[in-house]
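S.K.: here's my sequence, what's the structure:
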Amino acid sequence: MESSLKYPTSITTISEEPYENNDWSDEENVGADDGSNASIISPTFDTNDYSYILAVTGFGFEIPEGHIIDGILIEVEGYNDAGETVK
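M.R.: Numbering: from 1, shown residues only. Sure, this is the predicted structure:
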């Protein structure tokens, strides 16, 4: 099974109800696994607020004709104010 690691080339935030309370900062940091993070800096974020949608596209997949995709693995890393990493 051949696999490859891909990162998005297009990163956009979208304010759409109900996801319209808190915008992202440094959202371009989701384009690599280099220790830099996107974040939300808002004193109200943990009080039933929703973040804007963080839309990432442009992964550059090329699927040869006649090939079958057996599955896709998506990994997301996050953290919280307590410094805990969430995967």
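
S.K.: what pLDDT does the nearest residue to residue 59 once chain neighbours are set aside get?
M.R.: Among residues not flanking residue 59 along the chain, residue 6 sits closest, at 4.2 Å (CB to CB, 6 or more residues apart in numbering). C-beta coordinates here come from the backbone N, C-alpha and C atoms, glycine included. On pLDDT, residue 6 comes in at 86.

S.K.: burial check on residue 6, number of neighbours?
M.R.: 10 (other CB atoms under 10 Å).

S.K.: so it makes contact with residue 62?
M.R.: No: Residue 6 sits out of contact with residue 62 when judged by CB atoms under 8 Å, with a separation of 10.3 Å.

S.K.: secondary structure class for residue 29?
M.R.: helix (DSSP: H, G, I helix; E, B strand; the rest coil).

S.K.: chain neighbours aside, what residue packs nearest to it?
M.R.: In this structure, residue 29 finds its nearest non-sequential neighbour in residue 36, 4.1 Å apart by CB to CB, 6+ apart.
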